[in-house]
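K.L.:
model the structure of this input:
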Amino acid sequence: LISRGLRAAYPHDGLLTEESDDDLSRLEKERVWIVDPVDGTTEFINGTGDFSVQIALTVRGRPVLGIVYQPTEDLLYHAVRGRGAFSVQNGQTQRLCVSTETDPTSMCLAASRSHYSAFVRAARRELGIGEVRRVGSVGLKVGLLARGACDLYLATTVAKEWDLCAPHAVLEEAGGTLTNLCGERPVYNQPKIAECRGVIASNGLIHARLVEFLTPLVEGMSEQVA
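P.N.:
Okay, the predicted model is just below:
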C-alpha cells in the first residue's frame, strides 16, 4: 500500500522497501524512498505494540525526511532536514530535542527487547550506565533519544537501510548523531543494503568519545566472530 502510493505520487523516484524485491534501478536515482512497513516484526508477532511503520526519503544517499509511526500508541515522529523534528500524539505536537547529558553513568540506554547482546551488556557495564529501557523497533528506540527520554542506543545486529534511515533523519533533526560502531555515518541507497558494523546513536555531545571508548569491545567482538 505504501509502495503503491509512493510510486503513484513520485513515479520518477527510486524505491527500496522490505516488502518487495530490490529494484536496482534505484541506484541511478538521486531521490530514493526507503520504507519498512513493519519495523519490529518480533514485537508485532508477540503483540507487545513495540513496532513501527517507517518511511524515509534520501537525496544522494543522505536522509532528508523521516517518518516513524507507532500505530498502537498513535505516536508519530517526523522530520524534514533543516526544519526540525517533531512528535504528534493525542493531537499534541511537540518539537523534539535530545538530552544534554554528557556523563555516561547518568545516561539511560535504549536497548532491544529481543536482542540484548553480550556486547551491549559489556558496554553498559564498562560505561557504568545504570538505567536501561528495553524497547522493540529501531525507530522507537531512536525516538526515545530524539525526545530526550534516553541518551544512547547500541546494537551489534545487522541493520538494513530501511531499519535506520527514517530514525536517522529524525534523530539528526533533534540534534543527535547516528553512526556505525566505527563512527562512520551511514550513506543510503547502496548496492549492499546491510550495515554489518552495528549502530551507535546518541545525543551527539560525546559521540566521538563513546565510539573511541567502545573500540576495544568492538575489536574483541570482531575477533570472536572471526
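
K.L.:
please count neighbours and contacts with C-alpha atoms only from this point.
P.N.:
Noted.

K.L.:
show the pLDDT at the spatially closest residue to Asp74 that is not a sequence neighbour.
P.N.:
Among residues not flanking Asp74 along the chain, Gln89 sits closest, at 6.1 Å (Cα to Cα, 6 or more residues apart in numbering). The score at Gln89 is 96. That number is its pLDDT.

K.L.:
could you number the chain from 56 rather than 1 from now on?
P.N.:
Done: numbering now begins at 56, and the last item shifts to Gln144.

K.L.:
give the contact list for Gln144.
P.N.:
128-131 (Cα atoms under 8 Å, 6 or more residues apart in numbering).

K.L.:
quick one, which of the residues you listed are buried?
P.N.:
Among the contacts of Gln144, those classed as buried by 16 or more other Cα atoms under 10 Å are 130-131.

K.L.:
tell me which residues of whichever helix in the chain runs longest are tucked away?
P.N.:
Counting by DSSP state H, the longest helix found in the chain is helix 262-280. Buried residues in helix 262-280, counted by 16+ other Cα under 10 Å: 262, 265-266, 269, 272-273.

K.L.:
other SSEs contacting that helix?
P.N.:
helix 173-182 (3 or more Cα pairs under 8 Å, 6 or more residues apart in numbering; DSSP states H and E).

K.L.:
in the helix it packs on, what counts as buried?
P.N.:
174-175, 178-179, 182.

K.L.:
ok, now stretch 61-80?
P.N.:
So, applying 16+ other Cα under 10 Å, buried residues of stretch 61-80: 68-73.

K.L.:
narrow those residues to those in strands?
P.N.:
Judged by DSSP state E, strands contain the following of those: 69-72.

K.L.:
which one is Lys84 nearest to, not counting chain neighbours?
P.N.:
Gly69 (5.8 Å).

K.L.:
among the ones in strands among the buried residues of stretch 61-80, which one lies nearest to Asp218?
P.N.:
Thr72 (10.1 Å; Cα to Cα).

K.L.:
pull up the per-residue confidence for that closest one.
P.N.:
93.

K.L.:
go on, Glu278?
P.N.:
pLDDT recorded at Glu278 is 47.

K.L.:
domain-wise, how is this protein divided?
P.N.:
For the chain, automatic domain parsing gives the domain ranges 57-150, 159-280.

K.L.:
most neighbours per residue, which of these?
P.N.:
domain 159-280 (a mean of 20; mean count of other Cα atoms under 10 Å).

K.L.:
I appreciate the help and will end here.
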